[in-house]
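K.L.:
following is a predicted model, sequence given first.
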Amino acid sequence: MTLLLDTQVLIWAVAAPDRLTDVSKAAMADIHNGLLFSVASWWEIAIKVRLGKLDLDADWSPALKREMRRIGVEWLPIRPQHCEAAAMLPFHHRDPFDRLLIAQAATEGLSVVTSDQRFTSYGTHVIW
């Protein structure tokens, strides 16, 4: 199974692993599962850091990239079909970054590791 990590899940995995559930930690630690992080989530982090809505160290980018490599997380690029799928989603969830993650999960057949249960409104397989 391939898992798409929600934005806060990667941050928690690095900075506050006690905030993750045992189920999510086990899924992420399973060597049979691939781990992906969306470029959309990276963009979300960058915006929130710049706006002061997310308090991370000044060297957050290289530090997070190092941790991603350490735990085996790979990048999921944003493809045109992801954007098209996001545009067609009903508005159960209004956050544009989360909507793109939902579309990526649906398009690529991914399970999402997230605490946000609104993802299930779209039929997304959520691990939490």
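P.N.:
That came through, no problem. Residues are numbered from 1 along each chain as shown.
K.L.:
what residues does stretch 49-60 touch?
P.N.:
Contact partners of stretch 49-60, identified using CB atoms under 8 Å, 6 or more residues apart in numbering, comprise 11, 45, 48, 63. Placement of C-beta: from N, CA and C, glycine included.
K.L.:
how about the second one, secondary structure?
P.N.:
In other words, residue 45. helix (DSSP: H, G, I helix; E, B strand; the rest coil).
K.L.:
surely it and residue 6 touch.
P.N.:
No. Look at residue 45 against residue 6 with CB atoms under 8 Å: they stay out of range, at 11.5 Å.
K.L.:
in the protein, where is pLDDT below threshold?
P.N.:
Within the chain, the set of residues satisfying pLDDT under 70 is empty.
K.L.:
which stretches of it form helices?
P.N.:
Here the chain has its helices, by DSSP state H, at 7-15, 22-29, 39-51, 60-71, 80-88, 96-108.
K.L.:
for those, which one ends up most surrounded?
P.N.:
Ranked by mean neighbour count, the helices of the chain are led by helix 96-108 with a mean of 22 (mean count of other CB atoms under 10 Å).
K.L.:
elements contacting it?
P.N.:
Applying 3 or more CB pairs under 8 Å, 6 or more residues apart in numbering; DSSP states H and E, we find helix 96-108 packed against strand 2-5, strand 34-38, helix 39-51, helix 80-88, strand 111-113.
K.L.:
tilt between that helix and helix 39-51?
P.N.:
170 degrees (axes from the mean of the first three to the mean of the last three CA atoms, to 10 degrees).
K.L.:
can you list contacts of helix 96-108?
P.N.:
For helix 96-108, contacts defined as CB under 8 Å, 6+ apart pick out 2, 4, 6-7, 38, 40-41, 43-44, 76, 78-79, 81-83, 85-86, 89, 93, 110-112, 114, 116, 118-119, 122-125.
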